[in-house]
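Q: got a structure for you, letters missing:
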């Protein structure tokens, strides 16, 4: 009896083993209820499912982390690429978080102008003109500030300045006056040194001229003290002016020697 009972079981087991197991998952999927299995996105390594976080605490922590990362990326973009970046974030509770390397309002105005310009023809030239207008307004503001600063340095338009501003202005003026005086004294000392050196040179030249004049005067006196018999021999010599060292009779003809030569010829 036991042998006859084992035959159907072995037959059923052989039939089960002979089945195509590739259709077994489909069989399970068909037999399960569709409400128990919901389609989900395939998640890779390090990724999470992008959907609203139901847990309030987890949602707040994720918001803080993602917000800080977004602000960091905006800062890096503005620094690395020299781009004008403006970022505005509102939390679920209505709290505002913003970042801008220039100004959020200015960037928004620029965005509005850019959007309105794109609808018209010649958007590039108009955007450039607006950019240059903004730069011109900035330069005009800088010029106005410099003019006000110059007026303050001249002691004008001081009524609108506070006590702190006046002290700062006084310190700037004292530093400027100190530098100006130092430079002026330096130039004066250099000029005095040059004039003293020039004075010494002129004194040396004057001394040399006086010595030469004295020597010439002594020579003239010695010539005047010679005997009268021999003075005729020096009549033909040129005379010197002791004042300017010029030969007075340098171009006069020597009649004495020409007369002696004529006398010798007549005696012969």
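A: Done, it's in. All of these numbers come straight from a predicted model, not from anything done at the bench.
Q: Where does pLDDT dip in the chain?
A: Scanning the chain for pLDDT under 70 picks out the ranges 1-46, 117-124, 227-268.
Q: how about the strands in it?
A: 86-90, 96-100 (DSSP state E).
Q: now for the last one, which elements pack on it?
A: Contacts of strand 96-100 with other secondary structure elements, assessed using 3 or more CB pairs under 8 Å, 6 or more residues apart in numbering; DSSP states H and E, are made with helix 56-80, strand 86-90, helix 104-118. (C-beta placed from N, C-alpha, C; glycine too.)
Q: Mind listing the strands that strand pairs with, and their directions?
A: Strand 96-100 sits in its sheet next to strand 86-90 (antiparallel), going by DSSP bridges.
Q: Go through the strand it pairs with and flag the buried ones.
A: Buried positions in strand 86-90, judged by neighbour count with 16 or more other CB atoms under 10 Å: 86-87.
Q: Can you tell me what sits against that strand?
A: 67, 70-71, 74, 96-100, 102-104, 107-108, 111 (CB atoms under 8 Å, 6 or more residues apart in numbering).
Q: and if we set it to 10 Å?
A: 63, 66-67, 70-71, 73-75, 77-78, 95-108, 110-111 (CB atoms under 10 Å, 6 or more residues apart in numbering).
Q: just stretch 55-63 next, same as before
A: Residues from elsewhere that reach stretch 55-63 (CB under 10 Å, 6+ apart): 48, 52-53, 89, 91-93, 97.
Q: Can you give me the buried ones in it?
A: Within stretch 55-63, the residues that count as buried by 16+ other CB under 10 Å are residue 63.
Q: now the helices: where do they sit in this protein?
A: With DSSP state H, the ranges of helices along the chain come out as 2-17, 24-31, 56-80, 104-118, 123-153, 163-224, 228-231, 255-267.
Q: Just want the angle from the longest one to helix 123-153.
A: Yep, that's helix 163-224 we're talking about. In terms of direction (axes from the mean of the first three to the mean of the last three CA atoms, to 10 degrees), helix 163-224 departs from helix 123-153 by 70 degrees.
Q: From the contact counts, what lies against helix 163-224?
A: The contact analysis (3 or more CB pairs under 10 Å, 6 or more residues apart in numbering; DSSP states H and E) places helix 163-224 against helix 123-153.
Q: and the angle from the helix it packs on to helix 104-118?
A: Per the same axes, to 10 degrees, the angle that helix 123-153 makes with helix 104-118 is 140 degrees.
Q: picking that back up, switch the contacts of stretch 55-63 over to TSV, and while doing so, append distance to residue 131 to every line.
A: Output for the contacts of stretch 55-63, formatted as TSV (distance: CB to CB, whole Å):
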residue	distance to residue 131
48	42
52	41
53	42
89	27
91	34
92	37
93	38
97	28
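Q: Turn the strands of the chain into JSON lines, including distance to residue 144.
A: Formatted as JSON lines, those follow (distance: least, CB to CB, whole Å):
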{"stretch": "strand 86-90", "distance to residue 144": "27"}
{"stretch": "strand 96-100", "distance to residue 144": "25"}
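Q: do you know which of those strands lies nearest residue 197?
A: Closest of the strands of the chain to residue 197 is strand 96-100, at 65.0 Å (criterion: CB to CB).
Q: neighbouring contacts of that closest one?
A: Residues outside strand 96-100 that contact it (CB under 10 Å, 6+ apart) are 63-64, 67-68, 70-72, 74-75, 78, 84-91, 104, 106-108.
Q: list the buried ones in that strand?
A: Neighbour-count burial for strand 96-100 flags 99-100 (criterion: 16+ other CB under 10 Å).
Q: do the same with stretch 154-166
A: By neighbour count on 16+ other CB under 10 Å, the buried set for stretch 154-166 is empty.
Q: Enumerate every residue touching residue 206.
A: Contacts of residue 206 by CB under 10 Å, 6+ apart: none found.
Q: what about it, distance to residue 212?
A: Taking CB to CB, to the nearest Å as the measure, residue 206 falls 11 Å from residue 212.
Q: likewise residue 53?
A: Noted for residue 53: a distance of 112 Å to residue 212, by CB to CB.
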